[in-house]
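Trainee: have a look at this prediction, sequence included:
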Amino acid sequence: MKSNIKPLVSILTPAWNRSAYLEKVWAGLDAQVYSEIEWIVANDGSTDDTAKVCLELKRKSRFPVTIIEANLRVGKPRMDNELIKAAKGDFLIWCDSDDYLLPGAIERLVSVWESIPATDQASYIGLTALCATEEGVLQSTPSSRLGIFDTTWSELDDIYQAKGDKLFFVKAEKIKNSRFVEGDFMVTEGSMWFNFFEMKPKYMPEIMKIMDRGASNRISFSGKMEYCRGKAYGLAICEKIKPTVQGFNIEFIWKLITYHRYCINGDIGVREARNLWSGNVGLIFWLTFYPLGLLFAIKDLAQGKVVKTHIEYDKNIKLVCIRIIDSDISGAVNV
């Protein structure tokens, strides 16, 4: 028998110096027809008006808003972990601070989920759908298979060639005990999501989320050689979960050189770097490409591209205080 109780959907937004964009995120949620939602925004030690804007949006919101505040910047992975911990919903949607959901998106997602027989729902991690820019440019390649279908995230990439950014509508119980890898202000997100690559979502070839690729202060594409320790961690973990074809393979060799480059710029010693790597290749072969990684790292340094973000991260993580502002503006508690 189908339940009349609608699931609660938690929308999760990490934000660092994004006061100019949060209104658009909130407006996208305010335009939703589906009412059983909560918005949790994590302010990662912002130095602009992000804290002020969060409170203003909370005061005027018709749906519950929870604000997580860090007094110092500790990075997106830490804020993502705080968001997961604070979420009360049955389902989670990440909506970054330069994204917004299209009207009707949540209602459509819940509708497709509820079309799955209740006896089968336990075998799914959730749903995945498309993202696009405001100009309508898809942020992932279209699937080679048409319509809504069951798959795994691994099959979407490898078989159906639907690579790129997607919206995840994830059952909270499936990932509540998982954590994004910390260690820098940014760590490749795939290092967490790859753990679920063999789990089954239902794929929807429908645009549900808009991504603003022109937003300022984007931490993913700065042109600098920064977050190197985080990138090294992410690359090593992703390689462990989903190995590249080994040996004298161009993709694998370039990945190994890049890994050495990130480790050197991220102040990760050779022994630690080797321990982080999957062990899917012999030590001699692994070390063969270290000199090339070193040459690239020296070039980065000479060009002034290297930003050692991990040094500030290490300092902040020891001093940070994180608090939650929940249902009442004055109801702040340390976590």
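Mentor: Ah, there it is.

Trainee: can you list contacts of the longest helix along the chain?
Mentor: Longest helix of the chain, by residue count under DSSP state H: helix 250-265. By Cβ atoms under 8 Å, 6 or more residues apart in numbering, the surrounding residues in contact with helix 250-265 are 225, 228-229, 231-232, 235-236, 239, 244-246, 268-270, 272-273, 277, 281, 286, 289-290, 292-294, 296-297, 300-301, 306, 308. In short, each C-beta sits where N, CA and C put it, glycine included.

Trainee: point out where this structure drops to low pLDDT.
Mentor: Low-confidence segments of the chain (pLDDT under 70): 1-3, 214-223, 245-248, 279-280, 326-335.

Trainee: on that earlier part again, list buried residues within the contacts of helix 250-265.
Mentor: Neighbour-count burial (16 or more other Cβ atoms under 10 Å) applied to these gives 225, 228-229, 231-232, 235-236, 239, 244, 268, 273, 277, 281, 286, 289-290, 292-293, 296-297, 300, 306, 308.

Trainee: just the ones of the residues you listed in strands?
Mentor: In strands, defined here by DSSP state E, the members of the buried ones among the contacts of helix 250-265 are 225, 306.

Trainee: go through the buried ones among the contacts of helix 250-265 and flag which are in helices.
Mentor: 228-229, 231-232, 235-236, 239, 273, 286, 290, 292-293, 296-297, 300.

Trainee: closest to residue 201 among those residues?
Mentor: residue 239 (23.1 Å; Cβ to Cβ).

Trainee: state the distance from the nearest residue to residue 33 once chain neighbours are set aside to residue 7.
Mentor: The spatially closest residue to residue 33, leaving aside those adjacent along the chain, is residue 107, at 4.9 Å (Cβ to Cβ, 6 or more residues apart in numbering). Distance check for residue 107 against residue 7: by Cβ to Cβ, to the nearest Å, it reads 12 Å.

Trainee: do residue 46 as well
Mentor: Taken as Cβ to Cβ, the spacing of residue 46 relative to residue 7 amounts to 31 Å.

Trainee: for residue 52, same thing?
Mentor: Distance, residue 52 to residue 7, by Cβ to Cβ: 32 Å.

Trainee: who has more neighbours out of these two?
Mentor: residue 7 (15 against 11; other Cβ atoms under 10 Å).

Trainee: surely the more buried one and residue 88 touch.
Mentor: No. Assessed by Cβ atoms under 8 Å, residue 7 is found out of contact with residue 88, at 11.2 Å.

Trainee: ok, the strand ranked longest in the chain: who's next to it in the sheet?
Mentor: Criterion DSSP E: the longest strand present in the chain is strand 200-211. Note on strand 200-211: by DSSP bridges, its sheet partners are strand 99-101 (antiparallel), strand 124-132 (parallel), strand 149-150 (antiparallel).

Trainee: for residue 17, which of the ones you listed is the nearest?
Mentor: strand 99-101 (15.9 Å).

Trainee: show me what the helix or strand following that closest one is packed up against.
Mentor: Moving toward the C-terminus from strand 99-101, the next helix or strand (DSSP states H and E) is helix 105-114. Packing contacts for helix 105-114, counted by 3 or more Cβ pairs under 8 Å, 6 or more residues apart in numbering; DSSP states H and E, involve strand 9-15, strand 91-94, strand 124-132, strand 166-171, strand 200-211.

Trainee: export the ones you listed to a markdown table and append columns for distance to residue 37 and mean neighbour count.
Mentor: As requested, these are arranged in a markdown table below (distance: least, Cβ to Cβ, whole Å; neighbours: other Cβ atoms under 10 Å):
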| stretch | distance to residue 37 | mean neighbour count |
| --- | --- | --- |
| strand 9-15 | 5 | 26 |
| strand 91-94 | 9 | 23 |
| strand 124-132 | 16 | 21 |
| strand 166-171 | 12 | 23 |
| strand 200-211 | 14 | 20 |
